[in-house]
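Novice: Predicted model, plus sequence, below.
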Amino acid sequence: MDTTKSKITGLRMILCNYYSYKVNIVGEQLKTLDKPTCIALIARFRKDKQTYVEALACFVKLCEIDMKITINTDNLAGFKKEVDFYRFIIPFLTDYQRSLVMAYDDQYYLSFPECVGATISILSDREIPDETGALVLLDLKDMGYTSPNAHLDLKSCKLVLSQMAKMHAAPIAVKLVSLEKFKAQVVPHLINARYRKKPYGHLDARTLTADVLKMNDLSDLISYINSVIEYSKSATELDIIEDDTWFTLCHSNFNIRNLMIKYDPTGNPHSCKIIDLKYYSYSHCCDDLLFFLFTSVDIDVLIECYPSILDYYYTELILNLNKYPIGKKAVPYTKEHFLEEVDVQGQKVLTQIIQAQAYTTCEGYRENGEPILGPLFTKRLINTIFTVLNIT
């Protein structure tokens, strides 16, 4: 990937479509961020015949081209999925909500950065991403959002859960009320591109767990935990769906690294945005919920408030579902059923949670990129095992 990129291909057309005006680019200031495919952009331009110059701060994600191999289908699929999410799924669900005259604050697109433009290629007939593809979003940092630098307190946790519940409720409701529309407008973007790579998947959850259990005189649990991890891995790999009542569009890597939060002048969390959507999938809502809680919420908060946190998410989910005309179709969504699903899904996502915890709690990284684990990882892992598996 070219790290000396001087301009974004097709930016003028993207801005013309965004503003519905003829736009003339005056200048582009680009800064490469943590990887060559992520760029901070300040675009300067004039609209139509105006004499003054405007500026727009954007975050740009380019399609990652792997120079080591000829074709990396994971990179291509991940980029296409995220572009499709912004181009098709967000507008469809938002337009559906507007057709019901739902409140502005409930609209689906507000959960994510605003999209300026998204394309897999400047060539209109292309179906596969190329080097000219770009996802251009408004720069959240320019709007006062920041990435959390520590695990979340209870206020921040509840803010995120409210946003998660809105994100999960909309697809469930559309599926219940207008299944054929859901099949026509959403399902094609779930099957056109399969993103095979799993985040953190290279780490061995059994080894991570066994080491911690041995150091804490819990060796007698190793055999049982290993059997659950094997079940978790097989459940993920086989991806068998027997009942999709609680299935929705999930982020599938929902953790603090993929959130940006805005705080008010007193330091209280005010709003949040969900970012990095290349893993999104049609999955169980509890997968996102549990993955987020056990990787991203302060461990002491989780220990003290876990039942009430689950209750908060469920209440927010049902509150949002009831804003749609679902009527008697809401019957299966009871709290008792929800808590049963939490227990079942907890075992299924346990492996992914353990693998992710190694990164979200690490004290740094070795030269080979592997996480350096410490007491926080140990405490969080033990709490996760005992909570998810209901060990007393």
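Specialist: Alright, I've got the coordinates.

Novice: Name the residues of stretch 383-392 that are buried.
Specialist: Asn383, Thr384, Ile385, Thr387, Val388 (16 or more other C-beta atoms under 10 Å). The way it works is simple: take the backbone N, C-alpha and C, and place the C-beta from them, glycine included.

Novice: Kindly reformat these as TSV containing pLDDT and distance to Lys80.
Specialist: Output for the buried residues of stretch 383-392, formatted as TSV (pLDDT from 0 to 100; distance: C-beta to C-beta, whole Å):
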residue	pLDDT	distance to Lys80
Asn383	95	38
Thr384	96	33
Ile385	96	37
Thr387	95	37
Val388	94	33
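
Novice: and Leu137, what element?
Specialist: Element membership of Leu137 [criterion: DSSP states H and E] is strand 134-138.

Novice: Just the closest of the buried residues of stretch 383-392 to Ile256, please.
Specialist: Within the buried residues of stretch 383-392, proximity to Ile256 (C-beta to C-beta) peaks at Thr384, which comes in at 15.6 Å.

Novice: Doesn't that closest one lie inside a helix?
Specialist: Yes: using DSSP: H, G, I helix; E, B strand; the rest coil, the secondary structure at Thr384 is a helix.

Novice: I'd assumed Gln357 was in contact with it.
Specialist: Yes: assessed by C-beta atoms under 8 Å, Thr384 is found in contact with Gln357 at 7.0 Å.

Novice: Name the residues contacting each of the two.
Specialist: Contact criterion C-beta atoms under 8 Å, 6 or more residues apart in numbering; residues bridging Thr384 and Gln357 by contacting each: Phe294.

Novice: if we can go back for a sec, tell me the one among the buried residues of stretch 383-392 nearest to Leu350.
Specialist: Out of the buried residues of stretch 383-392, the member with the shortest distance to Leu350 (by C-beta to C-beta) is Val388, at 5.7 Å.

Novice: For that closest one, which non-adjacent residue is spatially closest?
Specialist: Gly346 (3.9 Å; C-beta to C-beta, 6 or more residues apart in numbering).

Novice: separation between the one you found and Lys31?
Specialist: 41 Å (C-beta to C-beta, to the nearest Å).

Novice: Next: Ser121.
Specialist: Taking C-beta to C-beta, one finds Ser121 at 24 Å from Lys31.

Novice: Between those two, point out the one with more neighbours.
Specialist: Ser121 (19 against 9; other C-beta atoms under 10 Å).

Novice: which ones are touching that one?
Specialist: By C-beta under 8 Å, 6+ apart, the residues touching Ser121 are Ile128, Pro129, Asp130, Thr132, Gly133.

Novice: Backbone torsions only: list them for the closest residue to it other than its chain neighbours.
Specialist: Take Ser121 and drop its neighbours on the chain: the residue closest to it by C-beta to C-beta, 6+ apart is Asp130, 4.8 Å away. Per-residue torsions, Asp130: phi -140, psi -170 (degrees, to the nearest 10).

Novice: Fine by me, we can end here.
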